[in-house]
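J.: Quick one: sequence and predicted model below, then my questions.
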Number of protein chains: 2
Amino acid sequence: MVARERSGGMAVRCARRIGVAASVAANLAFLAMYIHRRYFGGGRSDGGGGSGKEITTVEPSKGKPPVTPDSVVNLDQGDPTLYDEFWRLMGGRATITIPGWQTMSYFSDLGGFCWFVEPGFERQVRRLHRLVGNAIVDGYHLLVGTGSTQLFQAALFALSPAEDGEPMSVVSPAPYYSSYPSVTNFLNSGLYRWDGDANTTFAGDTCIELVCSPNNPDGGIRKAVTKSKSGKTIHDFAYYWPQYTPITEAADHDIMLFTVSKCTGHAGTRLGWALVKDMEVAQKMTKFIELNTIGVSKDSQLRAAKILKVVCDGYELSPTSKVNLLFHFAQRKMAERWSRLRAVVATSGIFSLPDKLSSYCMFAKEVVSANPPFAWLRCHKDGVEDFESFLRERKIITRGGSKFGVDERVVRISMLDTDEAFNVFLGRIASLK
Amino acid sequence: MVARERSGGMAVRCARRIGVAASVAANLAFLAMYIHRRYFGGGRSDGGGGSGKEITTVEPSKGKPPVTPDSVVNLDQGDPTLYDEFWRLMGGRATITIPGWQTMSYFSDLGGFCWFVEPGFERQVRRLHRLVGNAIVDGYHLLVGTGSTQLFQAALFALSPAEDGEPMSVVSPAPYYSSYPSVTNFLNSGLYRWDGDANTTFAGDTCIELVCSPNNPDGGIRKAVTKSKSGKTIHDFAYYWPQYTPITEAADHDIMLFTVSKCTGHAGTRLGWALVKDMEVAQKMTKFIELNTIGVSKDSQLRAAKILKVVCDGYELSPTSKVNLLFHFAQRKMAERWSRLRAVVATSGIFSLPDKLSSYCMFAKEVVSANPPFAWLRCHKDGVEDFESFLRERKIITRGGSKFGVDERVVRISMLDTDEAFNVFLGRIASLK
């Protein structure tokens, strides 16, 4: 925390104001400090995109700079660049073309439940859940958001009581996703407030419990822990996909949040969706998004619809192909990375990881092991009290335990970055004894 | 208000909770009531888009249904479908193609001021302001938002004091944009709260004044009215473009908000930008967007970059063409509509409009008249106390004065809809005596 403040500037001062230091900006400040230069591209070929280049005359950004054996490795955010390889393999199949005169109106679907949901996007999302079997969609209202982060706030707004009074308590068992406290509290809302670890907080008669499963950061399978009869839950299912965890049931909770970012890897589209059982709650969530951003990018929705269509087509139209199967591709990559990481940790003598979980997966139709999106790595070496700082000195950027409500001898490490970043990270970890 | 509540359902109950009835949802509830059916397309040809159709297999939504002589005409929102014609004329020139493997990372520009701004988008925005001359860009930080609505909230967040205490007063002179109160108050933030008409409210020592110029709803040219030394301003310049008003100066205020929606007509991309003088304010605004939505759709940014490029190219690369000039196209359309509306109002005997404003426009290099995006129409007919309801009974949906902080004998009417909608509206107005 002290080291963080030294380098952070405004972003960090702002985070401190709301009492939570974990933030994308703060970590970017670190990265920028190491990079020391403006980065505009290079490192990636233009292959695989078909005719894209002639038409798209505005060059898109390239994300993070490539990792080299001597560079900083930033595994702080779960930037899902692991998926880049799959989508290049797909070539032009997931390419989308939008003429200048399309999607100009604010309105997507005036006759539907939510006026800003693109019908094509909704169809592909429902199709995907039926394919994977991870959530019930029949009888559910579908909402779209600018990432599931916006939908999380929409759900807090919808579940908080309409009457004036004390803010609703928002809780989650530690270790909890580091953004929950800051996103809940940054506007100092009178409707809801972060109340900490659901295991230790007395949240009064009512509260909103955030249930993240598989859990960010530690990959644990979670059920609601609060006992209050009138308590409400928000199920954050960003990682309930076959590449990360066995699909053990078609979930049917009141509010279930998903995101394109962690399903297909398209974080830059900023698109999430919610399946909501109760109509009034879904209407209030719609209202939040109306007031917050007057709907959600249609361009992103069209693009996501195309991408999800390609994923579903891969399974439904050419199931014997080994190339077109997104979840199989990602599961293989994740399993290989986890196997290598566990081997390094086992021989290190100073590190440990949560136990490996296995279950029968209804999607894979066999017993499979979980491959969580983050490694929750604990350090047992004497004298290392602040593991995040210890790793940062070795040019590995991670997110320390205190941001997740636990101690500082544990860190969260993204398993979703590029092969180059993962390999350099693994090499550095292997050299530590 | 009473009629509104009868039909509105949840959206309206929610609006009442925050004390403000004006909302997109409430008005959509009306429209839906009239439409009585799910609407999926029709009415538009596929011409002009070049090769779009083969590649884009997910059909985009079509916006509002076409207007017929007997149908409801919804001129409540400023849905900018007037621009559809221009972009069809442009054919494939503004088409964008995005391969499946592009823009996957969260990050757009790690070396730049704001990590989620696409460099190509920023370049075109700065180029556009230099072309039009409506705002100074040198020395300003550029931020992108999910519409200017998100940036408005980001600015409130950034300008409110960091210390605990009373919420900052937010004011604007009536008639003010109907969304300001609801967007300011919906989360019951402890940082800021809506305090009403800047002309009549004593806002204490400090306040944030919202300066919308040309003003939504009445088209007036506005300067800040509050006198407090420590007061802050947010300049909402959504309509400070040559088609709506003479460009009389290159504005250089502390925070200036713009939106693609009202500049080029692409409301569905949900993209706005802010020019911000002070670095700390810009950093706090960036922080807001990080916490609220972890950045802004890259797909929308790429698309907007392409569209703004085509606008600038039209003036800079082929200035003698009459076809490629967006602002000239829109100015002609708006001027024609205003001329017809003023003629109808002049002969009606029961309606009035704000006076016509003219000035020398630095962009057009001649004296031109303003053509505001909304008609602020007042009814002087005896017995009409609620003009919005009066028009609604005649199947014209508008937004009544009470939502803008004034009386109910005046309404706001969008001038930006399709020719069909405008013509039907004008015919109905002409028949009222």
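T.: Arrived safely, thanks for sending.
J.: ok, residues contacting the longest helix seen in chain A?
T.: Longest helix in chain A by number of residues, with DSSP state H as the criterion: helix A:326-348. Helix A:326-348 has contacts (CB atoms under 8 Å, 6 or more residues apart in numbering or on different chains) with A:82-83, A:85-86, A:89, A:132, A:241-244, A:264-265, A:311, A:314, A:322, A:351-353, A:356, A:363-364, A:368-369, A:371-373, A:375, A:377, A:415, A:422, A:426, A:429-430, A:432-433. All C-beta spots, glycine's among them, are computed from the backbone N, C-alpha and C.
J.: One more pass at 6 Å, please.
T.: A:82, A:86, A:242-243, A:311, A:351, A:353, A:371, A:375, A:415, A:422, A:426, A:429-430 (CB atoms under 6 Å, 6 or more residues apart in numbering or on different chains).
J.: can you check stretch A:143-160 too?
T.: Contacts for stretch A:143-160 (CB under 6 Å, 6+ apart): A:114, A:117, A:168, A:191-192, A:208, A:232, A:234, A:238, A:255, A:257, A:259, A:270, A:272-274, A:281, A:284-285, A:288-289, A:293, A:296, B:146, B:293-294.
J.: picking up where we left off before, please identify the buried residues of the longest helix of chain A?
T.: Neighbour-count burial for helix A:326-348, counted by 16 or more other CB atoms under 10 Å in any protein chain shown, picks out A:326-331, A:333-334, A:337-338, A:341, A:344-345, A:348.
J.: before we move on, what about stretch A:160-179?
T.: Buried residues in stretch A:160-179 (16+ other CB under 10 Å): A:160, A:167-179.
J.: same check, this time on stretch A:271-279
T.: For stretch A:271-279, burial by neighbour count (16+ other CB under 10 Å) applies to A:271-276.
J.: farthest-separated two in those?
T.: A:Leu271 and A:Val276 (16.5 Å; CB to CB).
J.: got any ranges where the stretch 201-350 of chain A has weak pLDDT?
T.: Regions of the stretch 201-350 of chain A meeting the criterion pLDDT under 70 cover residues A:202-205, A:228-229.
J.: Near chain B, which residues of it are found?
T.: Remark: the part of the stretch 201-350 of chain A in contact with chain B comprises A:265-270, A:280, A:283-284, A:287, A:290-291, A:293-294, A:297-300, A:302-303, A:305-306, using CB under 6 Å from any CB of the partner chain.
J.: For ChimeraX, write a command that selects the buried ones of the residues you listed.
T.: Only the buried entries of those go into this ChimeraX selection, using 16+ other CB under 10 Å:
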select /A:265,266,267,268,269,270,283,284,287,290,291,293,294,297,298,299,300,302,303,305,306
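J.: Which ones among the residues of the stretch 201-350 of chain A next to chain B map onto helices?
T.: Those of those lying in helices (DSSP H): A:280, A:283-284, A:287, A:290-291, A:293, A:298-300, A:302-303, A:305-306.
J.: And the longest helix of chain A, how far out from the chain middle?
T.: Remark: helix A:326-348 is offset 19 Å from the chain centroid, using CA atoms, centre = their mean, to the nearest Å.
J.: In CSV, list the C-alpha atoms belonging to it.
T.: Included here for helix A:326-348 are C-alpha records, laid out as CSV according to Å, rounded to 0.1, in the frame of the first residue of the first chain:
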residue,chain,number,x,y,z
LEU,A,326,-14.0,-22.2,-28.1
PHE,A,327,-14.5,-23.9,-24.7
HIS,A,328,-12.3,-26.8,-25.6
PHE,A,329,-9.6,-24.6,-26.9
ALA,A,330,-9.6,-22.5,-23.7
GLN,A,331,-9.9,-25.5,-21.4
ARG,A,332,-6.8,-27.1,-23.0
LYS,A,333,-4.9,-23.9,-22.6
MET,A,334,-5.9,-23.3,-19.0
ALA,A,335,-5.3,-27.0,-18.1
GLU,A,336,-1.8,-26.9,-19.5
ARG,A,337,-1.0,-23.6,-17.7
TRP,A,338,-2.4,-24.9,-14.4
SER,A,339,-0.4,-28.2,-14.7
ARG,A,340,2.8,-26.3,-15.3
LEU,A,341,2.1,-23.8,-12.5
ARG,A,342,1.3,-26.6,-10.0
ALA,A,343,4.5,-28.4,-10.9
VAL,A,344,6.6,-25.3,-10.3
VAL,A,345,4.7,-24.6,-7.0
ALA,A,346,5.2,-28.2,-5.8
THR,A,347,9.0,-28.0,-6.3
SER,A,348,9.3,-24.4,-4.9
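J.: after that helix comes which helix or strand?
T.: Toward the C-terminus, helix A:326-348 is succeeded by strand A:351-352 as the next helix or strand (DSSP states H and E).
J.: Among the ones in helices among the residues of the stretch 201-350 of chain A next to chain B, which one sits closest to A:Asn216?
T.: A:Ser300 (22.4 Å).
J.: where do the helices sit along the stretch 1-150 of chain A?
T.: A:2-8, A:10-17, A:24-35, A:52-55, A:84-89, A:119-132, A:147-159 (DSSP state H, counting those that start in this stretch).
J.: Kindly export the last one (C-alpha atoms) in PDB.
T.: Yep, that's helix A:147-159 we're talking about. Taking C-alpha atoms only, helix A:147-159 is exported to PDB below (Å, rounded to 0.1, in the frame of the first residue of the first chain):
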ATOM      1  CA  GLY A 147     -19.700  -4.900 -18.800                       C
ATOM      2  CA  SER A 148     -21.100  -6.900 -15.900                       C
ATOM      3  CA  THR A 149     -19.700  -4.100 -13.700                       C
ATOM      4  CA  GLN A 150     -22.500  -1.800 -14.800                       C
ATOM      5  CA  LEU A 151     -25.100  -4.600 -14.200                       C
ATOM      6  CA  PHE A 152     -23.700  -5.200 -10.700                       C
ATOM      7  CA  GLN A 153     -24.500  -1.500  -9.900                       C
ATOM      8  CA  ALA A 154     -27.900  -1.800 -11.600                       C
ATOM      9  CA  ALA A 155     -28.600  -4.800  -9.400                       C
ATOM     10  CA  LEU A 156     -27.600  -3.000  -6.200                       C
ATOM     11  CA  PHE A 157     -29.900  -0.100  -7.200                       C
ATOM     12  CA  ALA A 158     -32.700  -2.500  -7.900                       C
ATOM     13  CA  LEU A 159     -32.400  -4.500  -4.700                       C
END
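J.: The helix or strand just after it - contacts with which helices or strands?
T.: With elements assigned by DSSP H and E, the helix or strand that comes after helix A:147-159 is strand A:168-172. Using 3 or more CB pairs under 6 Å, 6 or more residues apart in numbering or on different chains; DSSP states H and E, the elements in contact with strand A:168-172 are strand A:192-197, strand A:207-212.
J.: give me that answer again for 10 Å
T.: Judged by 3 or more CB pairs under 10 Å, 6 or more residues apart in numbering or on different chains; DSSP states H and E, strand A:168-172 is in contact with helix A:147-159, helix A:179-185, strand A:192-197, strand A:207-212, strand A:232-236.
J.: Reformat those as TSV; add distance to A:Ile136.
T.: TSV is the format used below for the helices and strands packed on strand A:168-172 (distance: least, CB to CB, whole Å):
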stretch	distance to A:Ile136
helix A:147-159	18
helix A:179-185	25
strand A:192-197	27
strand A:207-212	16
strand A:232-236	12
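J.: looking at those, which is buried most?
T.: Mean neighbours per residue, mean count of other CB atoms under 10 Å in any protein chain shown, is largest over the helices and strands packed on strand A:168-172 for helix A:147-159, with a mean of 27.
J.: Using CSV, write out the CA atom coordinates for stretch A:263-281.
T.: Below are the C-alpha coordinates for stretch A:263-281, written out as CSV (Å, rounded to 0.1, in the frame of the first residue of the first chain):
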residue,chain,number,x,y,z
CYS,A,263,-16.5,-16.0,-21.9
THR,A,264,-15.0,-15.3,-25.3
GLY,A,265,-12.2,-13.0,-24.3
HIS,A,266,-13.6,-9.8,-25.8
ALA,A,267,-13.0,-7.4,-22.9
GLY,A,268,-12.7,-4.4,-25.1
THR,A,269,-16.3,-4.7,-26.2
ARG,A,270,-17.4,-3.9,-22.6
LEU,A,271,-20.5,-6.1,-22.7
GLY,A,272,-22.2,-8.1,-20.0
TRP,A,273,-25.6,-9.5,-19.5
ALA,A,274,-27.9,-10.3,-16.7
LEU,A,275,-30.6,-13.0,-16.3
VAL,A,276,-33.2,-11.8,-13.9
LYS,A,277,-36.2,-13.7,-12.6
ASP,A,278,-38.3,-11.0,-11.2
MET,A,279,-39.9,-8.5,-13.6
GLU,A,280,-39.8,-5.5,-11.2
VAL,A,281,-36.2,-6.1,-10.4
